[in-house]
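>>> Pasting the sequence and the predicted coordinates here, then a few questions.
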Amino acid sequence: MKAYDIVEQFENRVAEHFGKQHGVAVDCCTHAIFLSLKYRQHCDYTYEYAAIPARTYISVPFALMQAGITPCFHDQPWHVIGYYDIYPWDIVDAAKAWNRKLPFDALTLHCISFHAKKHIPIGRGGMIVTDDSTAADWLRRARYDGRVGVHYPNERIREMGWHMYMTPEQAARGMHLMDLWPNGVNVQPEDYPDLRDMPVFKGRV
């Protein structure tokens, strides 16, 4: 077994848990969201904005802005059910969801978190689960510097990528915790501030 085979095993197991065909493991949920946005832009999505809850973690609007997208905050709560739609990008921030039946289209990109405060707490990590084979192939290259994973001197990289892959150690811990807690651990509610009050967003969104 090669070291990164455990990452693929973890991807397959999480995808199966959610009833999806593909999982693409990354180093955190925020980067899962960022890469999903970059894939949509690759597919010629031309929206200049994205609607998200005003009370979510601050890295989410930062990911939007880093992708050249303006966050538009709304008051809809989300933390009770653990996920929300990043509208209109067909991307779901499911950071606090461990529900096997998320009510979205098969081609939606679902972004999962394995942060220390989440259902499968490996410490840090994320994943994109989807039934979209084309998206999964692109995202696997994008998370690994544009590489397909062959011996580096033999690579002929065609598109820019990012250094956002999951390590085998993280994946191994994820597999172990899924054995211990197949339904995940209980996630405590968090008190999110209203991001519209943050000075960093004043005059920018």
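Received it, and whenever you're ready, just let me know what you need.
>>> burial count for residue 152?
Residue neighbour count, defined by other C-beta atoms under 10 Å, stands at 9 for residue 152. Backbone N, C-alpha and C define where each C-beta goes, glycine included.
>>> Next: residue 187.
18.
>>> residues touching it, list them.
82, 96, 117, 118, 119 (C-beta atoms under 8 Å, 6 or more residues apart in numbering).
>>> Residue 25 touches residue 12, doesn't it?
No: between residue 25 and residue 12 there is no contact under C-beta atoms under 8 Å: 10.2 Å.
>>> The two - which one has more neighbours?
residue 25 (28 against 13).
>>> Who does the more buried one form a beta bridge with?
As for beta bridges, residue 25 partners with residue 127 under DSSP bridges.
>>> Begin at 482, not 1, for the rest of this chat.
Okay, residue one is now 482; in that scheme the one you just asked about reads as residue 506.
>>> Compute the distance between it and residue 603, please.
10 Å (C-beta to C-beta, to the nearest Å).
>>> overlap in contacts of those two?
Contacts common to residue 506 and residue 603, judged by C-beta under 8 Å, 6+ apart, are residue 651.
>>> Report pLDDT for residue 542.
Looking at residue 542, its pLDDT is 98.
>>> For it, what are phi and psi?
Backbone geometry at residue 542, expressed as degrees, to the nearest 10, gives phi -60, psi -30.
>>> Please give me every residue in contact with the closest residue to it other than its chain neighbours.
Distances taken as C-beta to C-beta, 6 or more residues apart in numbering place residue 552 nearest to residue 542, at 3.8 Å, with adjacent residues excluded. Going by C-beta under 8 Å, 6+ apart, residue 552 touches 530, 531, 533, 541, 542, 545, 546, 682, 686.
>>> Is residue 552 in a helix, a strand, or coil?
Under DSSP: H, G, I helix; E, B strand; the rest coil, the three-state class of residue 552 is strand.
>>> Then residue 666?
coil.
>>> contacting residues for it?
600, 601, 602.
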